[in-house]
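Asker: I would like to see how this sequence folds:
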Amino acid sequence: MRTSTAPSSTAAVQQPARGRCKGGAPGAATAPPQTWRRTNPAAKAPTPARKRFAGGQMASLRQHIRCRIGNATHAKKRHLIVTHGMCAASSASMKKTPGTPVAYGPHPDNAWHQHYGVTSLLRPAHTPTPLLFTSDQGNLELDIGASALVVVDMQNDFCHPEGWFAQKGASMQATRRPIPRLRRLLPAWRAAGGRVIWLNWGIRADRLNLPPVVHFVGKRSASGVGYGEHSPIDHGPALVQGTWGAQVVSELKIETADIQVYKHRLSGFWDNELDSILRAQGITSLLFAGINTDRCVFSSLQDAAFLGYDCVLLRDACSTPSPAYVSRAIHFLVAQCHGFVATAAALNTALTSMQQES
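Answerer: Presented below is the predicted three-dimensional model:
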C-alpha cells in the first residue's frame, strides 16, 4: 500500500500560471508562478483533498474571473479605439463645413449651439454679478444675473380709479403706493442686468379653470361683480387676459426684455408656466414687490420658497388695503420661515453704488 506524507506547514503549493484563455484579452499575458503559504505554522497542514481543491477548482475559478475581466477590458479598448477614430474622422470633416452659428434655448446660459456641423449640448459657464445690500436680517448678497424682480398685480383692475377694485370700494391710495418706488427701482435694476417679471391676474374669459372658492371670493353676493364680469363703469370683463383690466397701469412701463406671466390664483405658481420660465432662465433668487402684501404677494412668495427659490420681500414696494398689523405679520412670517425682508430703497442705493463703481 502506498503511503503519502502530508506536506509541512511551510510547504508551498504552486498555482497554475496565468495565461490567455480562449478568446481572452491579448493583455492577459503569462505571469510568474505564485505560491501560497500558511501564515500560521501551528495550524493543521492541508490535506491532499484540500490541496487538490486549492490547486484545481480555485485556480480554475480565478482563471475564469481573470478571463472575464480581460475580455471586458479588451472590448472596452476596442470600443474606445473605434470611437476615437470616428471622432477624429468627424472632426476633420467638421472643419470643412463652416456655417452660421445657431443658438437654441430660452436664455444664453441655457441653450444648445450649432456650428461647424456640430450640435453642442454644452452650456457656457455662468459668471455671477454680485450685489451687496442691506436687509432687516443683515447684509445680503445675490447674483443679479440669476435674480428676477417679480412685480405682482400692478394692473388697471386693482390700481386704476375706474378699475374693478376701486368700484368695489377698495382704497386706491393703498394699491397705488408701490408705484413711485417701482418707478425709481425698475430702471436701475434693468441697467444692472436684472430681469423683471410682471405677474398679473389674467383669467380665461370662460372661467372654466377657476374653482368655486375663487368665484365666491370674487363675487360674494348675487349683486356683486365677480371675476370675468362687467362693472358699472365698463372697461371690459374683470381680470380677463388681454383686456384693459389685466394690463399694467400706465405709470409703469413694460420694456421689451421684461417677461409677462398671467395667473389664475392668489399664488403665481399655480395653473400656469411661471416656474418653468424661471427655471429655463436660470433664475434662482426672486425679489417681490406689488400688491397685495397679504394676498397675492405673500401667496406667490410662499410657494416660491416651497419650490426652492431664494426669496426677498421688498416691504416698501408692497402694499395692501388691509390693516397695518396684517403687513407686520406677513413681514414676520417671511423673515421667520421663507427668506428675507428688505427695502427697495436699500436695493436702489446698492445698484446706484455699483453703477458708480463701474
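
Asker: ok, residue 192 to residue 280 distance?
Answerer: In this view, residue 192 and residue 280 are 21 Å apart by Cβ to Cβ, to the nearest Å. C-beta coordinates here come from the backbone N, C-alpha and C atoms, glycine included.

Asker: more neighbours, these two?
Answerer: Using other Cβ atoms under 10 Å, the more surrounded residue of residue 192 and residue 280 is residue 192, with 18 against 15.

Asker: span of stretch 104-117 from start to end?
Answerer: The first residue of stretch 104-117 is 14 Å away from its last residue (Cα to Cα, to the nearest Å).

Asker: who touches residue 315 in this structure?
Answerer: Contact analysis of residue 315 by Cβ atoms under 8 Å, 6 or more residues apart in numbering lists 136, 293, 327, 331, 341-343.

Asker: let's see that with 6 Å instead.
Answerer: Neighbour list for residue 315: 331, 341 [criterion: Cβ atoms under 6 Å, 6 or more residues apart in numbering].

Asker: again, but for residue 181
Answerer: 316-317, 344.

Asker: just checking, which of these belong to helices?
Answerer: residue 344 (DSSP state H).

Asker: closest one of the contacts of residue 181 to residue 146?
Answerer: The closest of the contacts of residue 181 to residue 146 turns out to be residue 344 (Cβ to Cβ; 19.5 Å).

Asker: my guess is that closest one contacts residue 317, does it?
Answerer: Yes. Look at residue 344 against residue 317 with Cβ atoms under 6 Å: they come within range, at 4.0 Å.

Asker: more neighbours: the two, which one.
Answerer: Set side by side, residue 344 and residue 317 show more neighbours around residue 317, with 31 against 24, by other Cβ under 10 Å.

Asker: distance of that one from residue 297?
Answerer: Counting by Cβ to Cβ - residue 317 and residue 297 are separated by 10 Å.

Asker: one more: residue 134?
Answerer: Using Cβ to Cβ, residue 134 is found at 21 Å from residue 297.

Asker: try residue 291
Answerer: As for residue 291, its distance to residue 297 is 7 Å (criterion: Cβ to Cβ).

Asker: neighbour-wise, which of these two wins?
Answerer: More neighbours surround residue 297 than the other of residue 291 and residue 297, with 31 against 27 (other Cβ under 10 Å).

Asker: which non-adjacent residue is nearest that one?
Answerer: Closest residue to residue 297 apart from its sequence neighbours, by Cβ to Cβ, 6 or more residues apart in numbering: residue 152 at 4.9 Å.

Asker: run through the residues that contact residue 274.
Answerer: Applying Cβ under 6 Å, 6+ apart, we find residue 274 in contact with 261, 268.

Asker: quick one, phi/psi of it?
Answerer: Dihedral pair for residue 274: phi -60, psi -50, per degrees, to the nearest 10.

Asker: one step back: surely the residue nearest to residue 297 meets residue 290?
Answerer: Yes. With contacts counted by Cβ under 6 Å, residue 152 reaches residue 290, the gap being 3.3 Å.

Asker: all helices for the stretch 51-200 of the chain, in order.
Answerer: For the stretch 51-200 of the chain, the helices defined by DSSP state H, counting those that start in this stretch occupy 58-94, 156-159, 164-167, 172-175, 178-191.

Asker: start and end of stretch 220-238, how far apart?
Answerer: 15 Å.

Asker: now find how far off-centre it is within its chain.
Answerer: The chain centroid and the centroid of stretch 220-238 are separated by 39 Å under Cα atoms, centre = their mean, to the nearest Å.

Asker: and it, what's buried?
Answerer: Within stretch 220-238, the residues that count as buried by 16 or more other Cβ atoms under 10 Å are 225-228, 231, 235-238.

Asker: got the residues you listed as JSON lines, with distance to residue 125 columns?
Answerer: What follows is the buried residues of stretch 220-238, written out as JSON lines (distance: Cβ to Cβ, whole Å):
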{"residue": "225", "distance to residue 125": "52"}
{"residue": "226", "distance to residue 125": "50"}
{"residue": "227", "distance to residue 125": "45"}
{"residue": "228", "distance to residue 125": "47"}
{"residue": "231", "distance to residue 125": "52"}
{"residue": "235", "distance to residue 125": "48"}
{"residue": "236", "distance to residue 125": "47"}
{"residue": "237", "distance to residue 125": "47"}
{"residue": "238", "distance to residue 125": "47"}
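
Asker: and the two most separated of those residues?
Answerer: Spanning the widest gap among the buried residues of stretch 220-238 are 226 and 235, at 15.4 Å by Cβ to Cβ.

Asker: residues near residue 200, how many?
Answerer: With other Cβ under 10 Å as criterion, residue 200 counts 25.

Asker: quick one: it from residue 126, how far?
Answerer: Look at residue 200 and residue 126: by Cβ to Cβ, they are 29 Å apart.

Asker: now the stretch 51-200 of the chain, which segments are flagged as low pLDDT?
Answerer: Residue ranges of the stretch 51-200 of the chain with pLDDT under 70: 51-98.

Asker: the stretch 251-358 of the chain now?
Answerer: Judged against pLDDT under 70, the stretch 251-358 of the chain has no low-scoring part.
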